[in-house]
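In: let's see this in three dimensions:
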Amino acid sequence: MARALMLIGTRKGLLLARSDDSRRTWTPDDLRFANQEVYAVAIDPRRDPPRLFASGTTGWWGPFFAYSDDLGSTWVEPEQAAIAFPAGTETALIRVWQIAPAAASQPGVVFAGVEPHALFRSDDGGESFALVQGLWDHPHRAEWRPGQGGACLHTVIPHPTDARECLVALSTGGVYRTLDGGSTWNPANRGVQVGFAPEDARFPDYGQCVHKVAMHPARPARLYLQNHGGVYRSDDSGDSWQAIEAGLPSNFGFPIVVHPQQPDTVYAFPLGDGRFPCDNRCRVYRSTDAGASWEGLSQGLPEDPYLGAVLRDAMCADAADPAGVYFGTRLGEVFSSRDGGESWNLVATHLPDVLSVRAAELP
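Out: Numbers count the residues shown, from 1 in each chain. Predicted structure coming up:
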């Protein structure tokens, strides 16, 4: 029977859930990093066993960054801060929003997107990081404004085959891409609307409040984007975007997740007024035709009026076949599907506000 592991970052700590029966049932562990807001978690499958990452912050001690090489039994926090701004920047790290291992061809490379807007790179598997100076020195940086959640670089997508290429997204700057290993970065937002801007300024080169971007690993030119008002697809690596929100009950939301084997299949969790689920119904929406149409998925999800939103990193898919899809809500519930979203099971409940979720089958 295949084993699986899920990392669940919450407002007050990290929870690990394990499955020993091919993701049919899950057993949660005890809470770790108690009273710390765990915004970023990651599973690095390039190692055996996989290296786990967790990062968060507390109002007393500031941000932390830790990794585990024994599937979460013990955690290592470097004595020297793994991620810290150089002295000359006169900037302090607020939190880590994203931890992204690179492709298998770069076994030591791990990226971290942080607040305030910056990207860090590790070449030793995540034990130490250096600021990506090319993005930090970008002339647009002075005009990037914090979104409601902060000045966060929340999405990092290393290219699966080209080590020189990487895509990032930040609030509220938009999408940027490098083709030369991080020395230079160009905005990649053409077609993404800023709905709250004056009509003649709604399609700027940058300044969009992007909430999340997802890439299909086998078709890296295929991207999906959830904006602050707008759902989009790109078929040219972000050079241009087209709206695919028709058929959704709302074009507002936070996560966007692509199916690991099917580039035309994508998942979203739309939110309506007050940032509650549309019509107060807990529904994941799936498109199997690259956004041309959408269907609501609800089998096994709560049927009563539901007010739990899903944040940008609280939804994910694993790389198994059939794919597992997972999400956690601000009501402290976590759901899993082992059949691509056709049906759902409750993994955990009565948790603190869920901020981040990652899952993987284990070797």
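In: was I right to think residue 248 contacts residue 294?
Out: Yes: Residue 248 is within contact range of residue 294, at 5.3 Å (criterion: C-beta atoms under 8 Å). From N, CA and C alone the C-beta is placed, and that goes for glycine too.
In: which neighbours do the two have in common?
Out: The contact sets of residue 248 and residue 294 overlap at 268, 285 (C-beta atoms under 8 Å, 6 or more residues apart in numbering).
In: more neighbours, those two?
Out: Applying other C-beta atoms under 10 Å to residue 248 and residue 294 shows that residue 294 carries more neighbours, namely 22 against 19.
In: excluding sequence neighbours, find me the nearest residue to the residue positioned nearest the centre of the chain.
Out: The geometric centre of the chain, computed from its C-alpha atoms, lies nearest to residue 313 (C-alpha atoms, centre = their mean), at 3.7 Å. Nearest residue to residue 313 in three dimensions, chain neighbours excluded: residue 356, at 4.3 Å (C-beta to C-beta, 6 or more residues apart in numbering).
In: now do residue 161
Out: Per C-beta to C-beta, 6+ apart, closest to residue 161 is residue 103, 6.6 Å.
In: also residue 105?
Out: residue 163 (6.7 Å).
In: show me where the chain has its helices.
Out: All helices of the chain, identified by DSSP state H, fall at 133-136.
In: pLDDT weak spots in it?
Out: Along the chain, the parts satisfying pLDDT under 70 run over 1.
In: centroid-wise, who is the farthest residue in it?
Out: Outermost in the chain, C-alpha atoms, centre = their mean: residue 200 at 31.5 Å.
In: where's it relative to residue 194, distance?
Out: Using C-beta to C-beta, to the nearest Å, we find residue 200 at a distance of 11 Å from residue 194.
In: ok, residue 12 next?
Out: Taking C-beta to C-beta, one finds residue 12 at 35 Å from residue 194.
In: residue 72 too?
Out: Distance from residue 72 to residue 194, by C-beta to C-beta: 41 Å.
In: with residue 109 instead?
Out: 33 Å.
In: contacts only, for the closest residue to residue 102 other than its chain neighbours.
Out: Nearest residue to residue 102, sequence neighbours excluded (C-beta to C-beta, 6+ apart): residue 109, at 3.7 Å. For residue 109, the contact set (C-beta under 8 Å, 6+ apart) comprises 101-102, 121-123, 158, 163.
In: buried subset of those residues?
Out: Among the contacts of residue 109, the ones that count as buried by 16 or more other C-beta atoms under 10 Å are 101-102, 121-122, 158.
In: show me these that map onto strands.
Out: Those of the buried ones among the contacts of residue 109 mapping onto strands are 101, 121-122, 158, per DSSP state E.
In: the closest residue to residue 12 other than its chain neighbours - how many residues pack around it?
Out: Closest residue in space to residue 12, ignoring its immediate chain neighbours: residue 352 at 4.1 Å, by C-beta to C-beta, 6+ apart. Neighbour count of residue 352, defined by other C-beta under 10 Å: 18.
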